[in-house]
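In: Mind folding the following:
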Amino acid sequence: MVTTEIRRDPITGKRMPIKGHLVELRDRIARSVIAMVITTAISFIFTKTLIEILKRPASSVDFQAITPTENIAVYFKVALAGGFIIAMPFLVYQVIAFIAPGLTSKEKKTIFQLLPFVTILFATGVFFAYFVALPPAMGFLGNFMSDLAENVWRLSEYISVVTRMILYVGLVFETPLIIMILARMGLVTPQWLANKRKLWFVLAFVLSALITPTMDPINQSIIAIPLIILLELSILLSKFVYKKRAVKQSEETAENI
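Out: From the prediction side, this is the model:
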């Protein structure tokens, strides 16, 4: 059975009232918004280059802008996506720090130490989506019935599909680290994760169907199989940190006796 601790005020140590929860949520959202504004402003400098990079998986397709504001909308969308990627470690920390009640100073220090791995895992997911998942998906769509009609895509729709796929896959690749942190805090157990394995298998293919722009099983499997592997990795990591946590608790209990 998974147990959760009561969220307490970090200064007084007393149980935090509902108003305290709302104030903390407000503060964390405000920090996240400020971070996104700063990182999006930085992303604006490289946005045109990013758009050119995003177009490469569909190099055989011609693009067009139909409405007067389409190009500027694409520019802002890509800049926002770039800002989200840059701010990812900070945003993940804000989420974990809020949903994990009763964080000790050591646990907060652990989260800070793991932030570089948040960036590494997210970047791995982004590169996987761009170099592994996108080329076959865009190749399939670009060549499908191309002998009957020339493929000319709206740039805004293409960018929406590509950025959504890249961001979603990047977020999914954070699964092992997030579960490891939750296991270390005692919010999930390895046994609970293992019992949900069949459900995760089904969910992996459901998520892949939502993420990938195509409906063929091959492209969906390219996303679903890594999701299944990530769950198995999450179970292994949770066994390691949960065992260490149990040993540590027993040692602290023995010292207090």
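In: ranges for the helices of this structure?
Out: Secondary structure of the chain (DSSP state H): helices at 18-43, 47-55, 70-99, 105-128, 134-143, 155-172, 175-184, 190-195, 197-211, 217-256.
In: Quick one: neighbours of residue 62, just the number.
Out: 10 (other Cβ atoms under 10 Å). All C-beta atoms are positioned from the backbone trio N, CA, C, and that covers glycine.
In: Tell me how far the closest residue to it other than its chain neighbours lies from residue 231.
Out: Once flanking residues are discounted, residue 62 sits nearest to residue 152: 4.9 Å by Cβ to Cβ, 6 or more residues apart in numbering. Going from residue 152 to residue 231 by Cβ to Cβ, to the nearest Å gives 40 Å.
In: which of the two has more neighbours?
Out: Neighbour count, other Cβ under 10 Å: between residue 152 and residue 231, residue 231 has more, with 22 against 9.
In: so who does residue 172 touch?
Out: 125, 207, 227, 230 (Cβ atoms under 8 Å, 6 or more residues apart in numbering).
In: Which one (most neighbours) among those?
Out: residue 125 (23 neighbours).
In: ok, residue 142 - contacts?
Out: 58, 60-61, 151.
In: confidence score at the residue positioned nearest the centre of the chain?
Out: Centroid-nearest residue in the chain, with Cα atoms, centre = their mean: residue 171, separated by 1.5 Å. Listed pLDDT for residue 171 reads 88.
In: With residue 63 instead?
Out: On pLDDT, residue 63 comes in at 92.
In: How about the contacts made by it?
Out: 55, 152-155, 158.
In: Now for the closest residue to residue 112 other than its chain neighbours, how many residues are close by?
Out: Excluding its sequence neighbours, the residue lying closest to residue 112 (Cβ to Cβ, 6+ apart) is residue 93, at 7.5 Å. Per other Cβ under 10 Å, the neighbour tally for residue 93 reads 19.
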